[in-house]
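**Q** model the following, please.
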Amino acid sequence: MPGIVPNEGEVRLLTELLDGATARENWLLKLYKTNVTPSETDTSASYTECDFTNYTSKTLTRTIAAGTWGTPASGAPTNAWSSEAAVAESTYNSGTPQQWTCGLTGNTVYGYFYQGASSGKVVLAEQFATPRTLANGDTLSLTPRFGAA
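**A** Coordinates of the predicted model:
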C-alpha cells in the first residue's frame with residue numbers, strides 16, 4: 001500500500017514551507033495496531049498506537065545532517081510509494097532502520113505514521129501489505145523515508 005499524506009499533513013507541510021514564521025517541528029514515528037487503511041481525512045484519532053512491551057515512538061529530528069535526514073535527491077523510485085518515473089526522496093539516518101523489539105506482551109502491527117511532535121498532525125501514514133504479529137523477542141525494523149513524486 002502506498003503511503004498517503006492526509007489533508008491535515010498537507011496543510012502542515014505547506015504552512016512550514018511557505019510561512020517562515022512557522023517553526024519546523026520534529027516528527028514522531030509511530031506504529032499502529034488497528035486495521036486502518038490510511039485516507040485523506042485521517043487525523044491522529046484514526047490510529048491506535050501500538051502498546052506492546054518495550055514499545056516507544058521514535059523521534060525523527062527535522063534537519064538534514066549526519067544521523068538525521070539525508071540530502072534529498074532525485075532518482076528512480078526505491079519503494080512501492082510511486083509508479084512515477086522519478087521521485088525526490090530522503091531517508092533517515094543514512095538508511096539505518098529504526099527498530100522495536102517486543103517484550104512479553106505483543107501486538108499485531110498494521111502500519112506506521114509520522115505525527116508532528118508538537119502539532120499532533122498526521123504527516124504521513126502507510127499500511128503494511130501484510131500485518132506483522134509481534135511476540136516476545138520479535139523485532140520489527142523500518143527505514144523512514146519521505147519523498148515527493
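
**Q** tell me where the protein has helices.
**A** For the chain, helices defined by DSSP state H occupy the ranges 7-18.

**Q** flag the shaky bits of it, pLDDT-wise.
**A** Low-confidence segments of the chain (pLDDT under 70): 1-2, 76-87, 149.

**Q** tell me where the protein has strands.
**A** Assigned by DSSP state E, the chain shows strands spanning 27-32, 58-60, 73-75, 87-91, 98-101, 107-116, 122-134, 139-142, 145-148.

**Q** just checking, what packs against the fifth one?
**A** In terms of contact count using 3 or more CB pairs under 8 Å, 6 or more residues apart in numbering; DSSP states H and E, strand 98-101 is assigned the packing partners strand 139-142. C-beta coordinates here come from the backbone N, C-alpha and C atoms, glycine included.

**Q** which elements pack onto the strand it packs on?
**A** By 3+ CB pairs under 8 Å, 6+ apart, strand 139-142 packs against strand 27-32, strand 98-101.

**Q** closest one to Gly3 among the strands of the chain?
**A** strand 122-134 (3.8 Å; CB to CB).

**Q** any buried residues in that closest one, and which?
**A** 122-127, 132, 134 (16 or more other CB atoms under 10 Å).

**Q** next: stretch 92-102.
**A** Going by 16+ other CB under 10 Å, stretch 92-102 has these buried residues: 92-93, 98, 100, 102.

**Q** what about that stretch, how long is it end to end?
**A** 22 Å (CA to CA, to the nearest Å).

**Q** equivalent analysis for stretch 92-110, please.
**A** 21 Å.

**Q** follow-up on the earlier one: of the buried residues of strand 122-134, closest to Tyr110?
**A** Out of the buried residues of strand 122-134, the member with the shortest distance to Tyr110 (by CB to CB) is Gln127, at 5.8 Å.
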